[in-house]
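> After the sequence you'll find the predicted model.
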Amino acid sequence: MAAGEYVSVSSQRDTEEGDLARERVELADDPKGETRELAAIYRRRGLAPALASQVAAALMAHDPVEAHARDELGLHDETRARPGQAALSSAVSFVVGALVPLLALVMTPARHRVAVVIAASIIALVILGVAGAKAGGANLTRAAVRVGLWGSAAITVTALVGHLFHSTAG
């Protein structure tokens, strides 16, 4: 899980770096055109033409790459792709998330294990979905339903594949 996350977020970071490299070339080749482009962005955001030109000129004088990264490309230092952080977060989430079904498995009599592990896993997924939505200020019900349904679908597909290959307990 962590390796997949690292690769995925690294690809995103590569795209960001490529966009910044292209922007640096454009700034070197046509600084006046890039200043006009920035001013046009500010006009579309509602600034008066004269003020938009003044803001663009001031930002180009201060840090043109940063201005274009933020306002043209939508790249902010706080939200840039961080592959290592994503991989670590994924690894920790995977390990912590695996504890719920593992504990359910160990603590349940053999005849009830499958049902208890499935129920505990879905309940844990719903709780985590709600916690994530609450932390992010999103709709709690929508998150609970989405995570519960998709988690149930993933469990069902996994069980079906296991059954097809005769590798299930039940």
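Received the coordinates, thanks. Numbering: from 1, shown residues only.

> Can you name the helix or strand that Ile41 falls in?
Per DSSP states H and E, Ile41 falls inside helix 31-44.

> next SSE after that helix?
By DSSP H and E, the next helix or strand past helix 31-44 is helix 49-62.

> For Ala69, the count of nearby residues, please.
Neighbour count of Ala69, defined by other CB atoms under 10 Å: 20. Every residue, glycine included, has its C-beta placed from N, CA and C.

> For Ala124, give me the pLDDT.
Looking at Ala124, its pLDDT stands at 92.

> Residues touching the strand or helix carrying it, excluding its own?
Assessed by DSSP H and E, Ala124 sits inside helix 113-136. By CB atoms under 8 Å, 6 or more residues apart in numbering, the list of residues contacting helix 113-136 from outside reads 97, 100-101, 103-105, 108, 138-140, 142-144, 146-148, 151-152, 155, 169-170.

> I'd like the distance from Phe94 to Met1, if you could.
According to CB to CB, to the nearest Å, Phe94 and Met1 sit 4 Å apart.

> and Ala2, how many neighbours?
17.

> Check Ala67 too.
The number of residues near Ala67, taken as other CB under 10 Å, comes to 22.

> for it, helix, strand, or coil?
With DSSP: H, G, I helix; E, B strand; the rest coil as the basis, Ala67 sits in helix.

> Centre of the chain to the lowest-mean-pLDDT helix or strand in the chain, how far?
Within the chain, no helix or strand scores below helix 83-107, which has a mean of 90 by mean pLDDT, DSSP states H and E. Put simply, helix 83-107 sits 17 Å off its chain's centre (CA atoms, centre = their mean, to the nearest Å).
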